[in-house]
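> got a structure for you, letters missing:
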């Protein structure tokens, strides 16, 4: 990653970032639960310019069979970008980047999934990036975690994920595309609500003190995201409840 | 992986058909509710999200300059691709497109191409050297039946919202992609001599035969595709075509008049 | 009854002894394992809003034959695990080569889980007069998490339904429900079961269903 000294100034204006955020502020976040009919669980998330949808199928039979594990469910995670999700059209299908992201994302979720409840089965998590704007893996993990809960998968907790970055020698939360492209460091984190870290990656350059600040900032972002994940699930239930009240109200109106 | 459909379920659907009814109480030639949202993907030059009943597809259009085919040096290029991602159905598997996905992409492509909806000659930048390439990417999100009609609708809706990104490539100002026709695909299945339009997943699984008819704004046919291992009688074909054109006209007028 | 919607990881109690179904204990405290409704009684149980059916011995289930091997019918039971119905579990003695004559692929059967081993090999049986092949009526599928509401406390809901609806009803713990009766009765039964599924998590359900049936019947007569 190249530090572009002459562009440093343009990352901040009057103490605010290009999109008007403070250094420790998340982008606007929107989470919807149960958006797909076929999937066992699903979630749609918008994190700034990212639009990501996650679906969970399973636990279900494992194909091919030799992947089965006798004592637990296996978890598969497929991160995929739609061809039109990025500026330059991406060739469809997996590449080296998506394989790596799938692996680390799966490992970010596995610590909380009670796989021993479902021997010889598979829990499939599919994440489709419909529009990318830096931070797609964190958006994917956030959506996947909610979709797992929506599918009724037993878990010790949700997982929340967020990145911190360094631009113009400043640590910032949840970098957007411009900050990611021309920033000095990127550090995605995923964690449990207790603060156990389940994903940690970093590229760029940070001093130990900056690293410390970035991790703390990203974890703070995760805590905020967790509150919205939680709310989206609770809201879905209230919606169900209010829907099912309708016939009753109608019945009363008829009387 | 395939859906197990029990005989008792088949019997149930069969009995419904005999009574002149369908699982969701629609008429045989009735479509499920349609909604189209355009310009949903900012990174694409054009996009549309289509809901057909519970089925959902997202179509993105990207454009970039490239070389023309040697046999058509003055014409732009359309490349249509469909991703039946495993997110959309328990029966879809990861991997390169299979024959179902490729057939879907090709039929969507056929509608756009044969209706001449896009004026390919207008997409020539430097004859023989540089033309606009249009990528139509169909992303299936939720397969609750008849994703072909939904995809086809998504493709034309996305094209209608497409802006040619000329400025990005130093080729002048951006402009709206001119669209000259609105092809609409309508699909019917045949089941026990009954023709049912816009099949849901259950209906697709019991049907032997499916016929897709793509018609243009002037009421002509610009593409067809019969699929499935069953047969159709000519009278059935003509009847499907008649209804297909009617439904297409309604859909066009309701959602897509330019 | 105190009920509350919870998500995985929610703290439910400081008292480890109250840990019930759908919960786990960590450092002496009880947490939810599931997204669902926490039911606070002596024990705290979390009833999931979704999830797959996991077979347990003694469960009645409705399956669909999906394959036939030398001595087993392989039965889809709406679960991550297929059921195996051994030829010897058929109520009468038959030979291996006649298996498909008795239960073909696509046939629905009312069956019972006989045994489940730790690797989730699921054995089924037809050895009970209540069990057998389904030839008439309809099978509908609801989420297995709603089945307890359909049965009701001590079977109260289901006996009321059988009586009021004039239908035979067999409830599979796997969420598949067989209904048999006259066409009109089946239609109403179908509607009622779907209504129970939709409103499974609300209070005062039985009263509402009774009311619903009364109205529907008045409308019909």
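Arrived safely, thanks for sending. Owing to the predicted nature of the structure, the values given are computational and were not obtained by experimental measurement. Numbers count the residues shown, from 1 in each chain, chains lettered A, B, ... in the order given.
> leaving out chain neighbours, which residue sits closest to the spatially most central residue of chain C?
By CA atoms, centre = their mean, the mean C-alpha position of chain C lies nearest to residue C:173, the distance being 2.1 Å. Closest residue to residue C:173 apart from its sequence neighbours, by CB to CB, 6 or more residues apart in numbering or on different chains: residue C:59 at 4.1 Å. (C-beta placed from N, C-alpha, C; glycine too.)
> ok so, going back, which residues does the residue nearest to the centre of chain C contact?
For residue C:173, the contacting residues are C:53, C:56, C:59, C:60, C:61, C:144, C:147, by CB atoms under 8 Å, 6 or more residues apart in numbering or on different chains.
> outline the domain layout of chain C.
When chain C is parsed with automatic domain parsing, its domains come out as C:2-48, C:60-133, C:138-220.
> tell me which of the ones you listed sits nearest to residue B:99.
domain C:60-133 (23.5 Å; CB to CB).
> endpoint to endpoint, the closest one covers what distance?
Distance between the boundary residues of domain C:60-133 (CA to CA, to the nearest Å) amounts to 13 Å.
> equivalent analysis for stretch B:187-203, please.
12 Å.
> swap in stretch A:57-69?
For stretch A:57-69, the first-to-last residue distance is 17 Å (CA to CA).
> what lies in contact with it?
With CB under 8 Å, 6+ apart as the test, stretch A:57-69 has contacts from A:39-40, A:73-74, A:118-124, A:126, A:151, A:153, B:1, B:86, B:90, C:52, C:80-82.
> take those residues and keep only those in strands.
Members of those lying in strands (criterion: DSSP state E): A:74, A:121, A:122, A:123, A:124, A:126.
> now the third one, which residues is it bridged with?
Meaning residue A:122. residue A:60, residue A:74 (DSSP bridges).
> low-scoring stretches of the chain, by residue?
With no chain named, the answer covers chain A. Residue ranges of chain A with pLDDT under 70: A:1-9, A:241-255.
> hmm, no, I was thinking of chain B.
Within chain B, the segments meeting pLDDT under 70 span B:1-4, B:257-258.
> up against chain A, what does the stretch 51-200 of chain B have?
Residues of the stretch 51-200 of chain B found near chain A (CB under 8 Å from any CB of the partner chain) are B:54, B:56, B:58, B:60-62, B:64, B:81, B:83, B:85-90, B:94, B:96-97, B:135, B:137, B:139, B:141-144.
> that older thread, and the residue nearest to the centre of chain C, backbone torsions?
Main-chain dihedrals, residue C:173, degrees, to the nearest 10: phi -60, psi -20.
> next one, pLDDT for it please.
We have a pLDDT of 97 for residue C:173.
> any idea how far it is from residue A:127?
With distances taken as CB to CB, to the nearest Å, residue C:173 is found 33 Å from residue A:127.
> and for stretch C:16-33, what's in contact with it?
Contacts of stretch C:16-33 (CB under 8 Å, 6+ apart): A:114, A:154-157, C:6-15, C:34, C:36, C:38-39, C:42-48.
> tell me the mean pLDDT for it?
Stretch C:16-33 shows a mean pLDDT of 96.
> pull up the distance across that stretch, start to finish.
End-to-end distance for stretch C:16-33: 14 Å, by CA to CA.
> report the distance from it to the chain centre.
26 Å (CA atoms, centre = their mean, to the nearest Å).
> neighbouring contacts of the worst-scoring helix or strand of chain C on mean pLDDT?
One helix or strand of chain C scores below all others by mean pLDDT, DSSP states H and E: strand C:2-6, with a mean of 86. Here strand C:2-6 makes contact (CB under 8 Å, 6+ apart) with A:233-234, A:237-238, C:12, C:32, C:34-40, C:46.
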